[in-house]
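[1] Quick one, structure for this:
(one chain, ligands or ions: 1)
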Amino acid sequence: MSAATYTFLGPEGTFTEAALLQVPGAADAQRVPCTNVNTALERVRQGEADAAMVPIENSVEGGVTATLDAIATGQELRIVREALVPITFVLVARPGVGLSDIKRISTHGHAWAQCRLWVDANLPGVDYMPGSSTAAAAMGLLDEDAPYEAAICGPLVAAGQSGLNVLAEDIGDVPDAVTRFILVGRPGALPERTGADKTTVVVPLPEDHPGALMEILDQFASRGVNLSRIESRPTGQYLGHYFFSIDADGHAADSRVADALAGLHRISPATRFLGSYARADMQPAVVAPHTSDAAFASAHAWVDSILKGQ
Ligand SMILES: O=C(O)C(=O)C[C@]1(C(=O)O)C=C[C@@H](O)C=C1
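    Numbering: from 1, shown residues only. Presented below is the predicted three-dimensional model:
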């Protein structure tokens, strides 16, 4: 069998590549940098790559909307793994450029949001120029005509570039920031359940259905399924039309999760299953006795016995 091919939000040196390198075998696999999340996922949809590593959530800035939207629509994809990367930022510039020379800074929008306080305190009044990634912004500085004087990127990018000077280290506003990444493939057999799993779904809010959100949440609550993330995103169709992107503790093979999924499908038939996969922190789900697989099996057996007239 030929080695796997992975796409990721590039260029080389992004935090996303660091996440991909956590995947066993990825260091020796073909890694294809893409300029945006959509392209990375589209190459998987087209069969040009086996899976894509993309950012989904940051502990400071929240959901990565480009990813949430791209996996919620289009040809179905499946999350098969997650990875956590501690995030620290440095400010880099070409040799000879000092803090007082900086008028514009480029970086990824999520990185900018995580360094806002530092920039306000140390470089008040500088302009922000959006970059497709932290690494792309830093590499852009190597071009003498770059329309900005400095970039915010990860220490690894800076260390790998002799043409750049680090002007300030550890400039993130929140220490211990972490970004969560997902490895996304095409639908297939689910990763095995480990007991410490996560299930991701996209639930479009049904229209003309008062209380629909409450009912959706109740599918999880009444079965003792904990949620670790819930975000609403506009579908883009018209004002007021939203879907919910949800991470729940547990695997679709867990009875309580399977039952919750079936309930979601009844309330919102366009619910999209995005995968069940092992948690990166390996924290097992807390399962109350009345929501265990055994409790569900015994309850179903009881109903069966009633139907059989026993
Ligand atoms: O630009 C990068 O290095 C990325 O991997 C992207 C990204 C993100 O999209 O959130 C990843 C982690 C950081 O929080 C900032 C940027």
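[2] Residues of the stretch 1-150 of the chain that sit close to the ligand?
    9, 14-16, 55, 58, 64, 87, 108, 110-111, 133-135 (Cβ under 6 Å from any ligand atom). From N, CA and C alone the C-beta is placed, and that goes for glycine too.
[3] Mind checking what secondary structure M53 has?
    Put simply, M53 is strand when judged by DSSP: H, G, I helix; E, B strand; the rest coil.
[4] Spit out the contact partners of it.
    By Cβ atoms under 8 Å, 6 or more residues apart in numbering, the contact list for M53 reads 6-9, 16-17, 19-20, 23, 40, 83, 181-184.
[5] same deal with D69?
    Counting by Cβ under 8 Å, 6+ apart, D69 has contacts R233, G236.
[6] secondary structure class for it?
    Three-state call for D69 (three-state DSSP): helix.
[7] need the strands for the stretch 1-150 of the chain, in chain order.
    5-9, 30-34, 51-58, 62-63, 78-86, 90-93, 104-107, 127-130, 150-153 (DSSP state E, counting those that start in this stretch).
[8] and the ones you listed, which is most packed in?
    strand 150-153 (a mean of 29; mean count of other Cβ atoms under 10 Å).
[9] by contact count, what packs against it?
    Other helices and strands packing on strand 150-153, by 3 or more Cβ pairs under 8 Å, 6 or more residues apart in numbering; DSSP states H and E, are strand 90-93, strand 104-107, helix 109-114, helix 134-140.
[10] which residues sit against that strand?
    So strand 150-153 is contacted by 13, 89-93, 97, 102, 104-107, 111-112, 115, 131, 134-135, 137-138, 140-141, 167, 171 (Cβ under 8 Å, 6+ apart).
[11] Can I get the lowest-mean-pLDDT helix or strand in the chain in PDB, CA atoms only?
    Here the helix or strand of the chain ranked lowest by mean pLDDT, DSSP states H and E is helix 155-159, holding a mean of 83. What follows is helix 155-159 as a C-alpha-only set of coordinates in PDB (Å, rounded to 0.1, in the frame of the first residue of the first chain):
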ATOM      1  CA  PRO A 155       8.700  30.300  17.300                       C
ATOM      2  CA  LEU A 156       9.400  27.300  15.000                       C
ATOM      3  CA  VAL A 157       8.900  29.400  11.800                       C
ATOM      4  CA  ALA A 158      11.100  32.100  13.200                       C
ATOM      5  CA  ALA A 159      13.800  29.600  14.200                       C
END
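[12] quick one: buried residues of the helix or strand following that helix?
    Sequence order places strand 165-168 as the next helix or strand after helix 155-159, per DSSP states H and E. By neighbour count on 16 or more other Cβ atoms under 10 Å, the buried set for strand 165-168 is N165, L167, A168.
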